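K.L.:
got a sequence here, can you build the structure:
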Amino acid sequence: MTTRKPVFIEKIMPVKLLNEQVYYEHGGNPFKGLHRWYSRKPLSFSRASVLGSLLPEGVTIEEFEYLLGLNRRVAGMQDKTTKLYKTPPSPDRIKKVQELCEQQWGTKTPVVLDAFAGGGSIPFEAARYGLKVLASDLNPVAVVTMKAAIEYPLKFGPDLQQDIDKWVKWVGNEAEKRLAEFFPSLPGEKVETYFWAHTIRCPNCSSIVPLSPNWWLYNRPEKQNLHKWCAVKPIPDLEEKKVEFTIVKGKKGKGNTIAISNDEYDPTQQATLSRGVGSCTNCKNVIEDELIKSYAQTYRLGHQLYAIAYRGLDNSLDFRLPTDVDHAAFTRAVETLENRRNELESLGFMPSQEIPSNTHRGPDMYLYGMYRWQEVFNPRQLLTLATYVEIIDIVKDLIDSSNNQKEAVLTYLSLLLDLCVDKNCRLSHWQSGRAGAKRASTQHTLSLMWNYPELNGASELWQSCAAGFSSTYVELCNLFGTQVRSLSIPDIERLDSNSVGIEMASADNLSHIPDKSLLSVVTDPPYYDAIRYGEISDFFYVWLRASLLNIFPNLFLNELTDKDNEAIANPGRFRNMGISPEELANQDYEAKMALAFAEYHRVLRDDGVMTVQFNHKDSGAWDVLAKSLIDAGFEITASWSVSTENPQNLHQAQKNSVSSTVLLVCRKRDPNSGQAWWDDLRPQVANLVEQRAPEFEANDIDGIDLYLSAFGPALNVFSRHSPILDTSGNEVRPEQAFSEARKAVANYRFRKLAQTDTLGFDPLTTWYILAWDAFRAREFPFDEARQLALAVGGFNVSDLAKTHKLLDSTSGICKLLTPDQRFKKRAFSTNPEDFTLTSLIDGLHALIAIYLEEQSIDPVRRFLKTTGLLSNDLFMRAWEVTLRVIPHIGDDRKRMPEEKALADLWLAMDEIKAKVRYEQPELDLGDVQQSLF
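P.N.:
Below you'll find the predicted structure:
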């Protein structure tokens, strides 16, 4: 076996530092401004992953901080002001990194490979240090975005911004000429936005019903805006079988209402849609969800224009009802589109692709009568976007073919087109609290909106998207360093686009890379079934193809993205095959991941390093990932967990989410390592996990992330041999190691919380305490509840709902019931004569239920005395630990009833204070619960 030199990431990683840097980065990274891509990892995290995988283990933590971009420590104090994501590495840092790489690997610029490059964060950061980069992805949208983010800034530098601005402006001006007649403004105004509601015909009275969950237009919460709230109010017109509207303006009233004269108007009270169920304004008939879908599939949903936003002469935003002029303009657009449809489609300016029926997205869109991607837009939106494509096509002829910047300029124009697509469709959403359109792609799915905004396509749409896009390119150049092409330090490899290879390729077929030729792989593989990249990106792909097909014919050869070779678990591809689609999808994902890691193993040198980033809540996903790594011939030598998810997405009240990405450091396993027996390895797994748990906690890794971080040490032991066999000679899957890791963490956490082991605590109470400790929320995935029940032992997870009435479970999500809810389900008695202490948590919940019902401590005292709970030391310890683990929320209105009641009783009852040690927190923290994916 080739001697391999340890690298920095196998020794230590500055997890706390990275947690802080990732927090800085959310929302401020211009790399994200080019194009929407899902689960793009933060740049600071990717930079540390790359450097940690290449630098020798002898580098100190202080030196590593400096090489990342922080200023050197002063008097031992770490630099807390530098934001790494927008701080390009200085020439001296680049030189030092390259010198260390030469010391470690024999070359200043080792190649970093990422064949699941996606959003491009990993290759981007490798390129910033002048390293050679091989980046590929199966998805053309990702490939084009990476070219724009990495290749072109390095190749052309900041000067290209002038050409980009020139042609962006030209396209905008030309669009205004061609589209102005379809977007008229009344004298003294400039129309910005049209407000549409999808419509159906009422099956009872035949009226046209505009569907909307509310009728808000403007309710910005800032103090200076509270006097100009605005909404529309539907006016029934049964005789004409339609609904008219009137504008309601005024100052903020009580709650979320508009004060008008001596009355108040709540725009949500006259909603015509709630939870998919409609209601007719004219006859009050309830229109069930299935009837709406049936109508949409048979007749297609209609559109009703109900309001318009415009800028007045003083440039202030105002709202009005549509006029005949507005309706006539839309009619002209519809007629123009129909007259030109065949021409636009034949020239490729307007997409004609069908939404595939064998995907998750297809049937969902089909439910509402949308079968082709062009149907995701209303006719005028479609005409607008097709006109943009037509104009961009003219630019291709206007730019001299000898201009080597032509490809780059057209790529940026096409990416800007996709921003317009994202913001101006039937899937976008009006944010009345911000007075702006919310893009369709803000979630990990594409969903029809019942009411939606249409931006003025002649001016506002292109201009507003261009305004946010205009500085992105030069900011990307700045991220590489403002003088990236004139480094003055001798013996340093210059940042060069020729050292960056970006192409479309499947990770399971890297035939363009020779065997054992690479030193480093840093990769972020797809997370099982978490995100269906191909399905979502088709929405963008069809428009990029319309504008870039003759620029990148190899990228856009197919009508839609390749979903057959995509490494995700997609049951939609395996319907009607006689076997469970989920089972087949899982098998397909496992096979593809195994092939991809086998290719990584083939191209990696025997002394090379592979670092894998992975983030998923489902233990099944981890089992598949680990099995693929082990079968490909890798062992895991180290693991680290870093918080990489946007905190704004994670702190959802009452819900739990994985916030961390685990880094798995992999090496080629010694081919002579041979098999091992699980019974021999099991105690090693538990011991290593318990040994590493305090280290993880010291780096602010806690909650469910602590359990996930334990998977790394478990794999460290489990992956040293292959196969691992049980006493019957059957192969043991990694899930067994994960199960052992969960048990070890559960035991460790419980001992730390209760200052004792589980002896004396019943399994139900143990599970309850650990659930709050791990999930820190009332809601969490069923699979996690099941895994925790297995770790605790003593009962089946189904008993939690059916027997103990401790939680509800629907659609894979569990919800802890409150004591009051459990009492109503007769899980326990509050009559001290009838009460039986079957579990400590039943006693606590009985006390809480009594206190909340009686609002007095006297009944609680009688209950404690009669049942003997006051003298039960184990019960008091359970009280103490429960108070410690339930999240403390600063807003008194949002506090958990369990925590509030137990804390109130502790404060009010001296006999409890004498037995329960509790340091009451200062409840001014806000809602700090984590939320599980």
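K.L.:
can you give me the strands for the stretch 251-400 of the chain?
P.N.:
Ranges of strands in the stretch 251-400 of the chain, per DSSP state E, counting those that start in this stretch, are 258-260, 263-265, 273-274, 277-279, 286-287, 302-311, 317-320.
K.L.:
closest one to Val642 among these?
P.N.:
Distances from Val642 to each of the strands of the stretch 251-400 of the chain were compared by C-beta to C-beta, and the smallest falls on strand 273-274, at 40.5 Å. In short, each C-beta sits where N, CA and C put it, glycine included.
K.L.:
I'd like the distance between Pro671 and Thr107.
P.N.:
26 Å (C-beta to C-beta, to the nearest Å).
K.L.:
higher neighbour count, those two?
P.N.:
Legend: neighbour count by other C-beta atoms under 10 Å for Pro671 and Thr107, higher for Thr107 (14 against 10).
K.L.:
residues in contact with the more buried one?
P.N.:
Under the criterion of C-beta atoms under 8 Å, 6 or more residues apart in numbering, the contact partners of Thr107 comprise Cys101, Leu519.
K.L.:
number of residues surrounding Thr611?
P.N.:
Considering only other C-beta under 10 Å, Thr611 is surrounded by 26 other residues.
K.L.:
Trp622 too?
P.N.:
Residues within reach of Trp622, counting by other C-beta under 10 Å, total 22.
K.L.:
what helices and strands are in contact with whatever helix or strand it lives in?
P.N.:
Taking DSSP states H and E as the definition, one finds Trp622 inside helix 619-632. Contacting helix 619-632 under the criterion 3 or more C-beta pairs under 8 Å, 6 or more residues apart in numbering; DSSP states H and E are the following elements: helix 581-603, strand 604-614, helix 711-718, helix 734-754, helix 782-792.
K.L.:
for that helix, what is the distance to the chain centroid?
P.N.:
Averaging C-alpha coordinates over helix 619-632 and over its chain gives two centres that are 22 Å apart (C-alpha atoms, centre = their mean, to the nearest Å).
K.L.:
what of stretch 144-161?
P.N.:
Mean-position distance between stretch 144-161 and its chain equals 26 Å (C-alpha atoms, centre = their mean).
K.L.:
now find how far off-centre the helix or strand hosting Val665 is within its chain.
P.N.:
Using DSSP H and E, the element containing Val665 is strand 660-668. For strand 660-668, the distance between its averaged C-alpha position and the chain's averaged C-alpha position is 20 Å (C-alpha atoms, centre = their mean).
K.L.:
cool, stretch 821-833 as well?
P.N.:
Centre to centre, stretch against its chain (C-alpha atoms, centre = their mean), the figure for stretch 821-833 is 40 Å.
K.L.:
state the mean pLDDT of that stretch.
P.N.:
Throughout stretch 821-833, pLDDT has a mean value of 93.
K.L.:
could you list the buried residues of that stretch?
P.N.:
Neighbour-count burial for stretch 821-833, counted by 16 or more other C-beta atoms under 10 Å, picks out Gln821, Arg822, Phe823, Ala827, Phe828, Thr830, Pro832.
K.L.:
hmm, who's touching it?
P.N.:
Contact with stretch 821-833 is made by 804-806, 817, 835-836, 842, 845-846, 849-850, 853, 862-863, 866-867, as judged by C-beta under 8 Å, 6+ apart.
K.L.:
what residues sit buried inside the helix holding Trp622?
P.N.:
For helix 619-632, by 16+ other C-beta under 10 Å, it's 619-632.
K.L.:
alright, that wraps it up for me.
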